[in-house]
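[1] here is the input, now give the coordinates:
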Amino acid sequence: MEDRLERKYGGLKSRIASEGKAAIAFSGGVDSVLLLYAAREALGENALALTVSLHAVPERELALAKAFCDRFGIRHRVETVDEFSIEGFAANPPNRCYLCKRALFTRMRAAADEEGIPFLAEGSNVDDQGDYRPGLRALKELGIASPLKDAGFTKAEIRQMADRLGLSGWNRPSSACLASRFAYGEQITPEKMKRVEKAEDYLQDLGFTQKRVRVHGNLARIELLPEEFPRLFHENLSEKVTRRLKELGFTYVTLDLGGFQSGSMNKELGT
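    This next block holds a predicted model:
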C-alpha cells in the first residue's frame, strides 16, 4: 500500500504533469534534485533544468548540477549572471537576498520564455518559511511556483524520498550561496567570495561535512557540527586549518563553539 510520502510524491508529479512543460530552477541541492527528477518522471523531455552560474555559487556545486543532468539525460541550460551588476548587492544590505533572487529569477523567467515554457518552479519547502528569507518575496512577486512546498514536503521528507529513489546527494550537507557568509553591511567582492570558497573546500577535503566560514572583516569564524569538533584538534588539524586560512588572507581564525547554524548571520537582525 502506498504510504503518505509516496502519495505526496505522486501528487507532486501529477501537479507538474498538468503543466505539459516545466522549467526547474536547479542548483544541484537535494531540494531541486528531487523536484527536477519528479519533473523528468512526469514530463520526460519536456522538463528543462535552469542553472545560474554566479561568483556566489561554488564551482563544485555547478559541477554536481551538470553531472546530475548528464546522468539522467535532462536538458540543462546554464545562465551566467554577474551578481555584482545588481544594484545594491555588493553593499550586502539585509535585503541582499531579495535583490539577488529577483534579478536571477527574472533572468530565468526570460530563459524559460525563450524555451516556450510558462511554468517555472523552484525547490523551496515548508521548512523554509521558518527563517528570515527575503528572497521568498521575490519569488512570489515573479509568480515562481514552489511545488515541493505546495505538496507539503519538509526537508527531512525530501531527503527521505530522494533516498528511496536512489538519487545521489540525498544526504549531502545543505549549502547556501557564498554571499551568506558575510556580516550584513560588509562589502562583498568576487575576491572575498573566492577566499571563502577555497577555505570551505579545504575543510571539505579534510573530511568535515557540514561547514561554514563566516566572515567578519579579517576574522574567519568557522562553523562545524559539534560532533566533529574533536577531529579539528587531532593530528594538528587546527594548526593546518589556521595556517591555510591565513594563507588565504584572514588575520584571525576562530571556531564557533555554538556549532553549525543555518542562517546564523541573521541573528544580527534579531530574527
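
[2] now the residue nearest in space to the middle of the chain: closest residue in space, sequence neighbours ignored.
    When the chain is reduced to its mean C-alpha position, the closest residue under CA atoms, centre = their mean turns out to be residue 176, at 4.1 Å. Spatial nearest neighbour of residue 176, excluding adjacent residues (CB to CB, 6 or more residues apart in numbering): residue 262 at 7.3 Å. No exception for glycine: its C-beta is placed from N, CA and C like everyone else's.

[3] part of a helix, is the one you found?
    No: going by DSSP: H, G, I helix; E, B strand; the rest coil, the assignment for residue 262 is coil, not a helix.

[4] which strands or helices does the lengthiest helix in the chain pack on?
    Counting by DSSP state H, the longest helix found in the chain is helix 96-114. Packing partners of helix 96-114 (3 or more CB pairs under 8 Å, 6 or more residues apart in numbering; DSSP states H and E): strand 22-25, strand 47-53, strand 75-80, strand 120-121, helix 135-142.

[5] which one of those lies closest to residue 197?
    Set against residue 197 and scored by CB to CB, these come closest in strand 47-53, at 13.5 Å.

[6] other residues contacting that closest one?
    Strand 47-53 is contacted from outside by 16, 21-28, 36, 39-40, 62, 65-66, 69, 74-81, 104, 107-108, 111-112, 115, 117, 120, using CB atoms under 8 Å, 6 or more residues apart in numbering.

[7] among these, name the buried ones.
    Applying a neighbour-count criterion of 16 or more other CB atoms under 10 Å, the buried members of the contacts of strand 47-53 are 16, 21-28, 36, 39-40, 62, 65-66, 69, 74, 76-77, 81, 104, 108, 111-112, 117, 120.

[8] which one of the helices and strands packed on helix 96-114 has the lowest average pLDDT?
    Ranked by mean pLDDT, these bottom out at helix 135-142, which scores a mean of 88.

[9] need the helices and strands packed on helix 96-114 in JSON lines with distance to residue 253, can you?
    Putting these into JSON lines (distance: least, CB to CB, whole Å) gives the following:
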{"stretch": "strand 22-25", "distance to residue 253": "35"}
{"stretch": "strand 47-53", "distance to residue 253": "30"}
{"stretch": "strand 75-80", "distance to residue 253": "33"}
{"stretch": "strand 120-121", "distance to residue 253": "40"}
{"stretch": "helix 135-142", "distance to residue 253": "30"}
